[in-house]
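# here is the input, now give the coordinates:
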Amino acid sequence: EGSAVVAGGISCPVFGEEGPTVAINGKAYPRGTVVGAGLSGSVGLQAVVAQGCRPIGKLYEVTKGQGNFIEELDGKPAVEVLGKIGEGSDLSEDDKKNIQTYGIMVGLATPGAKDVQMGDYLIRQILGFRAPAVMVGAEVKTGDLLMFHVRDPNTALRDMENMIGRAKTERMFSTNPGKPLAALQISCVARGRLLFGRPNVDVNNVKRLLQENNNPAAIGGFFANGEIGPTGIAGVGIASKATHMHGFTTVACTISDFSAPLTPPPDQVEAATTQEDDSAWG
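Alright, predicted model coming up:
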């Protein structure tokens, strides 16, 4: 069944201050304190991770890479490939502006993934260069697949809407989607008004996860200096994935009660059985 779904974040202190950032029941705890809560029995999580990026260009294979360094992509020096992406004549003017403003990100496909959709890549920043290699904020190895990504407010909004929609669809087709009780939202401090120019953009999307419960206000969370979760979505029909540290991301997790699987009433099952038309099978 895999490991448990894990979601959370790193509390963010006020810039330049050294005080505590975590308090429980009115008691403040020193910096570095780790707080966790486990769910068991019939209560579980569905995690949704929106990294706010979209791919550009083609899918590449790391043909030479080790540690944090990518030396070759499709047999060509990684620095050369990256340079051509940045100057790409096939990029839109918006993409070029986004690259100038936000830079280019690297999206690594989850190892072993067969169907990688937008939002399923692990997004990492480019940290530097050591020609012919590009240094990224993740460990890579030969054979890994990656696409370069860009980030901007419109993409972040569409990515969030897409991930929420996928999560709702998975629940719709699950044999036991659970009853949503509440949600937790952990968002990077660089999102919110700073990214979208207006408040409550992410939380209004997260509320859509709770509409089945007619209680869209049951959401708690905080702004973080690092977000913790899988890639894409996990839980409720999708196997748990490796847990990562993210940046510029919103992690939303629905807390649901799975004690009562949704099954059709007996009278509906009986009606469906008695009304079956054998002639339809020839």
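# got any ranges where this structure has weak pLDDT?
Low-confidence segments of the chain, defined by pLDDT under 70, are located at 1-3, 15-16, 88-90, 110-119, 211-217, 236-241, 260-282.
# cutoff 50 now
By pLDDT under 50, the low-scoring segments of the chain are 1, 264-265, 267-282.
# what's the single longest strand in it?
As assigned by DSSP state E, the longest strand anywhere in the chain is strand 53-66.
# contact partners of the next helix or strand after that strand?
The first helix or strand that comes after strand 53-66 along the chain, using DSSP states H and E, is strand 69-73. Outside strand 69-73, the residues within contact range by Cβ atoms under 8 Å, 6 or more residues apart in numbering are 60-65, 77-78, 81, 106, 130, 132-136, 140, 146. No exception for glycine: its C-beta is placed from N, CA and C like everyone else's.
# can you say which of the residues you listed are buried?
Buried by 16 or more other Cβ atoms under 10 Å: 60, 62-65, 77-78, 81, 106, 132-136, 140, 146, out of those.
# can you pull the contacts of the residue positioned nearest the centre of the chain?
Most central residue of the chain, judged by C-alpha distance to the mean C-alpha position with Cα atoms, centre = their mean, is residue 49 at 2.1 Å. Listed by Cβ under 8 Å, 6+ apart, the contact set of residue 49 reads 119, 163, 227, 229-233, 246, 249-252.
# for residue 169, state which of those is nearest.
Among those, residue 233 lies closest to residue 169 (Cβ to Cβ), at 9.6 Å.
# quick check, residue 199 in a helix?
No - the assignment for residue 199, made by DSSP: H, G, I helix; E, B strand; the rest coil, is coil rather than a helix.
# just checking, it touches residue 191?
No - counting by Cβ atoms under 8 Å, residue 199 does not reach residue 191; the two are 10.8 Å apart.
# which one of those two has more residues nearby?
Neighbour totals were compared for residue 199 and residue 191, and residue 191 leads with 22 against 10 (other Cβ atoms under 10 Å).
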